[in-house]
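Engineer: Have a look at this prediction, sequence included:
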Amino acid sequence: MEYLKQNLISKGSAETIVNSILSDKESWVDGKKTAGSQAAKVKRNLQLSRDSYVSKLQADQVAQEISNNDLLKSFCLPKSIHGLMFTRTGIGDSYGMHVDNPYMSSGRSDLSFTLFLNEKDEYEGGNLCIQTMQDVKKIKLNAGQIVIYPSTSLHAVEPVTKGERIVCIGWIQSHIKSSEDRNLLFNLNAGARGILAAQGRSDELDLIFQAYSNLIRRLGD
């Protein structure tokens with residue numbers, strides 16, 4: 001699995017976050033300020049300063065929601081959720097194809113995520129484009145939905161042609177560095193939990209969970 005889409009927060013919670021971050025009118029800055037030298041050449045958006053009180057408050061809430069989501073925890077095996085920021089992409093703005101820095105001041109980027117905060121019919125364009133092995137996936141989700149994908153992927157945000165795109169982005173340092181290993185562990189855990197739900201606990205299932213846990217010990221950093 002190259003990326004995962006999931007409902008994270010309610011539409012009402014997403015609207016509350018939007019109202020909160022837009023109320024801080026003094027802390028929005030040019031997005032180029034946090035981009036690497038190459039990414040800055042193709043980045044046109046606004047972002048809420050991470051140092052602002054509102055940004056810290058809402059970022060902590062989003063990180064907690066991710067930490068509490070069992071499916072996301074199984075997919076990411078998060079060691080830390082870091083670097084969260086809120087961005088606005090208006091008419092004519094975009095973010096060209098780029099890859100995220102492998103190491104940031106806040107941690108290693110194994111997985112990147114975008115939490116969509118306003119409804120997709122409130123703006124035109126603004127698709128998140130993720131380069132996969134065979135093609136480019138275009139993703140535009142409803143308010144409160146999140147997509148998580150490997151930070152090794154080339155990705156972009158298409159130009160917005162109407163309205164404004166408002167999202168929260170961030171990164172996850174996983175206990176498991178390899179995307180391939182994470183995917184294997186995710187499938188193993190999902191299969192075991194499916195058997196548990198359908199058939200209940202068994203000695204054989206205990207062995208599967210034992211192998212899963214010990215694989216994390218072996219593969220983790």
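Structural biologist: Yep, it's here. Just so it is clear, the structure is predicted and the values come from calculations on it, not from any experiment.
Engineer: all contacts plus neighbour counts: C-alpha atoms, from now on.
Structural biologist: Will do.
Engineer: Buried by neighbour count: which residues of the lengthiest helix in the chain qualify?
Structural biologist: Looking across the chain with DSSP state H, the single longest helix is helix 179-199. Within helix 179-199, the residues scored as buried using 16 or more other C-alpha atoms under 10 Å are Ser179, Arg182, Asn183, Leu185, Phe186, Leu188, Asn189, Ala192, Arg193.
Engineer: What are the buried residues along the helix or strand following that helix?
Structural biologist: Counting by DSSP states H and E, the next helix or strand C-terminal to helix 179-199 is helix 203-219. Buried residues in helix 203-219, defined by neighbour count with 16+ other C-alpha under 10 Å: Leu205, Ile208, Tyr212, Ile216.
Engineer: Give the other helices and strands that the longest strand anywhere in the chain contacts.
Structural biologist: Taking DSSP state E as the criterion, the chain has its longest strand at strand 78-89. Packed against strand 78-89 by the contact rule (3 or more C-alpha pairs under 8 Å, 6 or more residues apart in numbering; DSSP states H and E) you find strand 46-48, helix 53-68, strand 107-108, strand 165-174.
Engineer: Return the distance of the longest one from the chain's centre.
Structural biologist: Mean-position distance between helix 53-68 and its chain equals 13 Å (C-alpha atoms, centre = their mean, to the nearest Å).
Engineer: what does stretch 116-131 contact?
Structural biologist: 11, 14-15, 17-18, 89, 94, 136-146, 153-168 (C-alpha atoms under 8 Å, 6 or more residues apart in numbering).
Engineer: So for it, mean pLDDT?
Structural biologist: Stretch 116-131 shows an average pLDDT of 97 in the prediction.
Engineer: So for it, what gets flagged as buried?
Structural biologist: Buried, per 16+ other C-alpha under 10 Å, within stretch 116-131: 116-120, 123-131.
Engineer: The residue most central in space within the chain sits in which helix or strand?
Structural biologist: Closest to where the C-alpha atoms of the chain average out (C-alpha atoms, centre = their mean) is Phe113, at 1.3 Å. Taking DSSP H and E as the criterion, Phe113 maps to strand 111-116.
Engineer: ok, that strand: who's next to it in the sheet?
Structural biologist: For strand 111-116, the paired strands and their directions (DSSP bridges) are strand 145-150 (antiparallel), strand 165-174 (antiparallel).
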